[in-house]
Each structure stands twice: as C-alpha cells, then as structure tokens.
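Visitor: need coordinates for the below:
(one chain, ligands or ions: 2)
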Amino acid sequence: MKKFENVFVFDHPLIKHKIAILRDKKTGMKEFRELIEEITTIMTYESTRDIKLEKVTVETPLEKTEQYKVPEESVAIVPILRAGLGMVNGVHKVFPTARVGHIGMYRNEETLQPQEYYCKLPDGIDKKTVFLVDPMLATGGSACDALDALKKRGCKNIKFMAVIGVPEGVEKVAKAHPDVQVYVSTLDRQLNENGYILPGLGDAGDRLFGTK
Ligand code: PRP
Ligand code: URA
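Guide: Ligands and ions are numbered 1, 2, ... in the order given. Have a look, this model is predicted:
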C-alpha cells in the first residue's frame with residue numbers, strides 16, 4: 001500500500017496475539033466482545049501520544065506541584081452503528097468521562113453503498129477530539145460518510161480507529177480525509193466479491209451481538 005502520513009498501522013505483539021484469537025471462527029460472542037474491547041484500549045493508548053494536556057496544580061500530602069492532565073470534556077467517542085458499539089468501552093477505559101455520539105450506517109448488501117439512518121452527537125462536539133470507531137474498514141464508504149457527517153457538524157480534530165482494514169479502504173479514507181488520523185490495528189489482504197475482508201473475521205456486528 002502507498003504510504004500516507006495520516007495512516008498508522010499497529011505492529012504491537014499483543015494486538016497480533018489478540019487478533020489471531022478474534023479471527024478464529026470458534027471464538028464465541030463473549031470472548032469476541034472482550035477482545036474487541038481490549039484491542040481498542042491498546043489502540044487508544046497508542047493513538048493518543050499527541051493528545052493535548054493542560055497544566056494543573058496538584059497538592060500532594062507534602063507540597064504543591066505543577067502537573068499535566070487531559071482537559072475535562074475534551075474527548076468524545078462516536079461509534080458507527082452497530083459494530084462500532086463494541087469499541088466504546090475500550091475507549092472509555094482510557095477516557096471514562098467521554099461523551100458518546102452515535103452515527104447509524106448500514107451497507108446496502110448489493111451496492112455496498114453506506115446508508116446513514118441515525119445521527120445524534122453531544123453538544124460542543126466541534127471543540128473535542130473525536131474518536132470515530134468501527135471494527136471494520138472494508139470499502140471505506142461507511143467511514144468516509146461518517147467523517148463527512150462529523151465535519152458537517154464542525155468537528156476538526158478526528159481520529160478514526162478500525163481493528164481491521166484493507167489497503168483499498170484505508171487509501172480511500174486517507175485520500176478523502178487527509179486531515180483525519182486513521183489507525184488500523186492490522187491491514188488484511190483484500191476484499192472478496194461481497195465486500196468482506198480476507199482473511200478478516202466475518203461480520204463483526206453479528207459476532208459481537210450474536211445475530212447470526
Ligand atoms: C460493517 C462494519 C462497517 C462497514 C464497513 O457494518 O461495521 O460499518 O460494514 O464496510 P465499508 O467500509 O465497506 O463501508 P454493516 O454495514 O455490516 O452494519 P452493522 O455494523 O450494523 O452490522
Ligand atoms: N463488515 C464486516 O463486518 N466484515 C467485513 O469483512 C466487511 C465489512
């Protein structure tokens with residue numbers, strides 16, 4: 001894949017280990033959900049090396065000291081429904097007070113075009129660092145439309161995190177949204193004729209929620 005400055009592919013051994021279990025068709029719903037959450041937490045740590053901190057004064061039992069903290073109300077999480085819901089707790093482990101917006105998208109099974117069916121975002125989201133999350137980045141259509149929806153509401157500082165991506169989808173998002181940081185924990189080979197990622201893990205939403 002061509003190199004893009006706004007794309008980050010993780011090469012963390014623990015992520016590799018967890019993804020191997022996640023892909024396995026024998027992995028059940030509970031473990032699948034836990035793994036998505038754990039991988040998301042690791043990704044959140046790795047993707048926040050540039051997060052802005054503010055100086056605060058803290059009183060230890062011994063003296064006052066100047067320290068650095070993440071400003072209150074500076075982060076929001078936006079899952080792309082449904083499968084993105086599986087990643088929310090993983091980000092909340094790192095930012096427990098982050099407000100959550102929701103963008104509903106489904107792919108038309110024949111055209112593979114995303115359809116937006118819901119959008120509800122917290123007030124003031126335009127001033128926050130937004131973690132847009134979805135486990136699967138396939139054609140990139142859902143991510144691009146969700147990013148358009150966030151930008152239409154004024155969001156300027158957006159990080160998109162997907163557990164698994166494929167080169168064509170990652171390129172599409174990186175080109176359409178060069179100002180967005182795109183994080184994928186692993187890059188798979190290709191899409192099949194039905195728009196599924198190979199080797200992939202199947203349908204993330206169904207495996208998270210036990211719908212098939
Ligand atoms: C899946 C996945 C992404 C989208 C990725 O959702 O969770 O949102 O497909 O595909 P794309 O990159 O080609 O747009 P799906 O439409 O299956 O909906 P679901 O989450 O409700 O299962
Ligand atoms: N959505 C999924 O859940 N899995 C894929 O492989 C592609 C899109």
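Visitor: where does Ser185 sit, in terms of helix or strand?
Guide: In this structure, Ser185 sits in strand 181-187 according to DSSP states H and E.
Visitor: next one, pLDDT for the closest residue to ligand 1 within the chain please.
Guide: Relative to ligand 1, the nearest point of the chain is Gly205 (2.6 Å; CB to the nearest ligand atom). (Glycine included, C-beta is placed from N, CA and C.) For Gly205, the pLDDT comes out at 97.
Visitor: scan the protein for its longest helix.
Guide: helix 29-46 (DSSP state H).
Visitor: could I get the CA-only coordinates of the helix or strand that that one is followed by as CSV?
Guide: On the C-terminal side of helix 29-46, the nearest following helix or strand under DSSP H and E is strand 54-59. The C-alpha trace of strand 54-59 is given here as CSV (Å, rounded to 0.1, in the frame of the first residue of the first chain):
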residue,chain,number,x,y,z
GLU,A,54,-3.3,21.2,30.4
LYS,A,55,-1.1,22.4,33.2
VAL,A,56,-2.8,21.9,36.7
THR,A,57,-1.7,22.4,40.2
VAL,A,58,-1.9,19.4,42.5
GLU,A,59,-1.4,19.3,46.2
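Visitor: give the partner strands of strand 54-59 in its sheet and their orientations.
Guide: With DSSP bridges as the test, strand 54-59 is paired with strand 64-69 (antiparallel).
Visitor: now do stretch 115-122: everything it contacts.
Guide: Here stretch 115-122 makes contact (CB atoms under 8 Å, 6 or more residues apart in numbering) with 76, 78, 81, 99-108, 128, 145-146, 149-150, 153.
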